[in-house]
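**Student:** A predicted structure for the sequence below; I have some questions about it.
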Number of protein chains: 2
Amino acid sequence: MRIADLQTPALLVEKAALEHNLRTMAEALPGARLRPHVKAHKTTGLAKLQRDAGHSGFTCATILEVEGMAAAGLGEDLLLANEVLDARRLGAVAASGARVTLAVDSDITVDAAVAGGVREVVVDVNVGLPRCGCEPEDAGRLADYARSKGLDVRGVMGYEGHVMPVEDPADKLRQTEECMTKLLKASADVGGDLVSAGGTGNYAINTWANEIQAGSYLLMDTAYGAQGMPFQQALTVLARVISINSGGWRVADLGLKSLGMDHGNPTIPGAAVWFCSDEHTTFSEDGASFAVGDVVRALPAHVDPTVAMHERLHVVDGEDVVETYEVDLRGW
Amino acid sequence: MRIADLQTPALLVEKAALEHNLRTMAEALPGARLRPHVKAHKTTGLAKLQRDAGHSGFTCATILEVEGMAAAGLGEDLLLANEVLDARRLGAVAASGARVTLAVDSDITVDAAVAGGVREVVVDVNVGLPRCGCEPEDAGRLADYARSKGLDVRGVMGYEGHVMPVEDPADKLRQTEECMTKLLKASADVGGDLVSAGGTGNYAINTWANEIQAGSYLLMDTAYGAQGMPFQQALTVLARVISINSGGWRVADLGLKSLGMDHGNPTIPGAAVWFCSDEHTTFSEDGASFAVGDVVRALPAHVDPTVAMHERLHVVDGEDVVETYEVDLRGW
């Protein structure tokens, strides 16, 4: 199939960029040094490529991601890096033979793990981002509580998400060290092997954690792209120009329902984007010219929620569609 | 089933509000005066309620919406109010016995309708919103061209979307009249019965169009809600508090992948929302108190893209889930 044969809007992944990103990360963080985060692509077909590149443990954000990864034969070591209050579906996945480890940050979430039949946990530690995680000082007590309930505590995790957008390298290094000092202190209190943290934004400098939860590196983001990382922008949204107007604007068939909008409008090369509607993006020419029927390849401002809006993604090489994967880890 | 048994995040629709909205609109615009827009809910189960309230013609935004409505037995009169360049799937729906009418705004889109086997069209006229639609002065020529190609031209449509957020009633009326004057001029040149326009934001004052394409009225929006309309907020996103922190914030399990974010953060009653991540919303208490395990019902800032992120929605009455519908018109 050719790109021109695709129904629009559609997700495209550039094969050469995908392979470059896989290879570059596997060289930097080989094997278990990387625990790829599947929330970025929600696609077991892409997770298999990551496993084939040497990474057999994965990070998940939802129960459904854990279930889907296990069902796809990728259940060697799945970490749900998120708190849940009803862990029964996770217990069922573990009972089916996959290895499931769940984040806990409170007595209630420990109790939920036990009640759901989950046997392995990590203590999620707050290292500065205002989100989940217990206070570092409470991590040892929580680990003791979990062990008293029969759980195996594999170690700690802590996500320094607020450090990812920091652009100055020295500042980013200093902030990462600050966060990881908290995590290592908690690790000493908790015990266990795992010190899981980090992301694409600081994968190269977080040498304190022994596994990095990066996900965005595979498809990449315009925000991370602007930071001069060695990964290439692999994901675009294919659309078609469906209308042009003598008032100076053009309209393509992608919009709020095919683009994650929390970081703002998409980028269309050669165009100035005016606004997005449910199924439309209105733009004017800015260096390129556009006629009805032309295809455009827009760069979404935020890749993760964009991917989650689509049923499938197409790996392309030149004008050829060489592989189509179902985005099979959507939903909850 | 009870609300407390639902996996979160989940879409809830308040039964009493849904019925109030159905009834209120059917009284204001009975029967064919309303052509409900299914893009707002993407759910044939809700479209059936609209049909049962007297509206048998529907507006769609995507080819898949047309296919799904026809497959659900709701194909009496489907208007795809959008331009498409490959109409073959629509031709197949028409051949299966449904009535399919397609918007055209250029010779190319007329040619696409013919090539795809679509037999009925409306001329889409630009009435001021910078999006699709031919110039009003070109509508008659385009209708002639369509007829010369063997198409049945049923009339005109024009969407005055830029008028919907106008708050001052006199200004809104004046701007609506301005837009509809253009549409009626085009209608005189085009011929045919249909003069299709409008939306929830001006359904009560657009007396020029003979059918109104409102969709948001059924589930409602915080933006429209602020305009003092007689419709009730029916849709919320159910979530659970999964973590609380002594730093003062709480975290619930809804985020960028379960909320349309183009209008900004959701509203959580009794809370001040700080920010949303992929699967989390961080907030502080602002009038209410929240403990781990509490359910919250967030109001998304924009309903249409929110609904499109979910596989199903639950109609609730008090604490009971009385009906679950698949959001079966997602995708393209």
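**Tutor:** Arrived safely.

**Student:** so who does A:Leu79 touch?
**Tutor:** Applying C-beta atoms under 8 Å, 6 or more residues apart in numbering or on different chains, we find A:Leu79 in contact with A:Arg35, A:Gly57, A:Phe58, A:Thr59, A:Cys60, A:Thr101, A:Leu102, A:Ala103, A:Val122, A:Met157, A:Ser196, A:Gln213. (Glycine included, C-beta is placed from N, CA and C.)

**Student:** how about those in CSV, adding secondary structure and distance to chain B?
**Tutor:** Shown next, in CSV, are the contacts of A:Leu79 (DSSP: H, G, I helix; E, B strand; the rest coil; distance: C-beta to the nearest C-beta, whole Å):
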residue, secondary structure, distance to chain B
A:Arg35, coil, 17
A:Gly57, strand, 20
A:Phe58, strand, 16
A:Thr59, strand, 12
A:Cys60, strand, 10
A:Thr101, strand, 17
A:Leu102, strand, 12
A:Ala103, strand, 10
A:Val122, strand, 14
A:Met157, strand, 13
A:Ser196, strand, 17
A:Gln213, coil, 13
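
**Student:** now those residues in a markdown table, with pLDDT and neighbour count?
**Tutor:** Below are the contacts of A:Leu79 laid out as a markdown table (pLDDT from 0 to 100; neighbours: other C-beta atoms under 10 Å in any protein chain shown):
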| residue | pLDDT | neighbour count |
| --- | --- | --- |
| A:Arg35 | 98 | 30 |
| A:Gly57 | 98 | 21 |
| A:Phe58 | 98 | 26 |
| A:Thr59 | 98 | 29 |
| A:Cys60 | 98 | 28 |
| A:Thr101 | 98 | 28 |
| A:Leu102 | 98 | 31 |
| A:Ala103 | 98 | 27 |
| A:Val122 | 98 | 26 |
| A:Met157 | 98 | 30 |
| A:Ser196 | 98 | 27 |
| A:Gln213 | 98 | 25 |
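
**Student:** Which one of those residues is nearest to B:Trp274?
**Tutor:** Distance to B:Trp274, by C-beta to C-beta, is smallest for A:Ala103 among the contacts of A:Leu79, at 20.5 Å.

**Student:** what's across from that closest one in the sheet?
**Tutor:** When assigned by DSSP bridges, A:Ala103 has beta-bridge partners A:Val122.

**Student:** Surely it and A:Leu78 touch.
**Tutor:** No - the pair A:Ala103 and A:Leu78 does not pass the contact test of C-beta atoms under 8 Å, sitting 11.8 Å apart.

**Student:** Quick check: buried residues in stretch A:318-327?
**Tutor:** Neighbour counts using 16 or more other C-beta atoms under 10 Å in any protein chain shown place A:Val321, A:Glu323, A:Tyr325, A:Val327 of stretch A:318-327 among the buried residues.

**Student:** Redo these as a markdown table? Include distance to chain B, secondary structure and pLDDT.
**Tutor:** Listed next are those as a markdown table, based on distance: C-beta to the nearest C-beta, whole Å; DSSP: H, G, I helix; E, B strand; the rest coil; pLDDT from 0 to 100:
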| residue | distance to chain B | secondary structure | pLDDT |
| --- | --- | --- | --- |
| A:Val321 | 16 | strand | 98 |
| A:Glu323 | 19 | strand | 98 |
| A:Tyr325 | 15 | strand | 98 |
| A:Val327 | 11 | coil | 98 |
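
**Student:** export the residues you listed to TSV and tack on distance to B:Tyr217?
**Tutor:** Output for those, formatted as TSV (distance: C-beta to C-beta, whole Å):
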residue	distance to B:Tyr217
A:Val321	40
A:Glu323	43
A:Tyr325	38
A:Val327	32
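
**Student:** And the residues you listed, which is closest to B:Asn265?
**Tutor:** When the buried residues of stretch A:318-327 are ranked by distance to B:Asn265 (C-beta to C-beta), A:Val327 comes first, at 25.3 Å.

**Student:** so the closest one makes contact with A:Thr306?
**Tutor:** No - A:Val327 is not in contact with A:Thr306 according to C-beta under 8 Å; the separation is 10.4 Å.

**Student:** Other residues contacting the helix or strand of chain A with the lowest mean pLDDT?
**Tutor:** Least confident helix or strand, chain A: helix A:222-225 with a mean of 80, by mean pLDDT, DSSP states H and E. Residues from elsewhere that reach helix A:222-225 (C-beta under 8 Å, 6+ apart): A:164-165, A:200-201, A:216-217, A:231, A:233, A:263, A:267, A:299-302.

**Student:** Please save the CA atoms from that helix in PDB.
**Tutor:** Presented in PDB, the C-alpha positions along helix A:222-225 are these (Å, rounded to 0.1, in the frame of the first residue of the first chain):
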ATOM      1  CA  THR A 222       8.500  18.500  19.000                       C
ATOM      2  CA  ALA A 223       9.200  19.700  22.600                       C
ATOM      3  CA  TYR A 224      12.000  17.100  23.100                       C
ATOM      4  CA  GLY A 225      13.100  17.700  19.500                       C
END
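
**Student:** Moving C-terminal from that helix, which element do we reach first?
**Tutor:** Using DSSP states H and E, the next helix or strand after helix A:222-225 towards the C-terminus is strand A:235-244.

**Student:** for that next one, packing partners?
**Tutor:** For strand A:235-244, the elements it packs on are strand A:10-14, strand A:249-252, strand A:295-298, helix A:303-307, judged by 3 or more C-beta pairs under 8 Å, 6 or more residues apart in numbering or on different chains; DSSP states H and E.

**Student:** Output the ones you listed as TSV; include the columns mean pLDDT.
**Tutor:** TSV is the format used below for those (pLDDT from 0 to 100):
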stretch	mean pLDDT
strand A:10-14	98
strand A:249-252	98
strand A:295-298	97
helix A:303-307	96
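
**Student:** In three-state terms, how would A:Val156 be classified?
**Tutor:** Recorded secondary structure, A:Val156: strand (DSSP: H, G, I helix; E, B strand; the rest coil).

**Student:** ugh, wrong one, I meant A:Thr282
**Tutor:** strand.

**Student:** for the nearest residue to it once chain neighbours are set aside, phi and psi?
**Tutor:** Counting by C-beta to C-beta, 6 or more residues apart in numbering or on different chains, A:Thr282 lies nearest to A:Trp274, which is 4.5 Å off, once chain neighbours are set aside. Backbone torsions of A:Trp274, given as degrees, to the nearest 10, read phi -90, psi -60.
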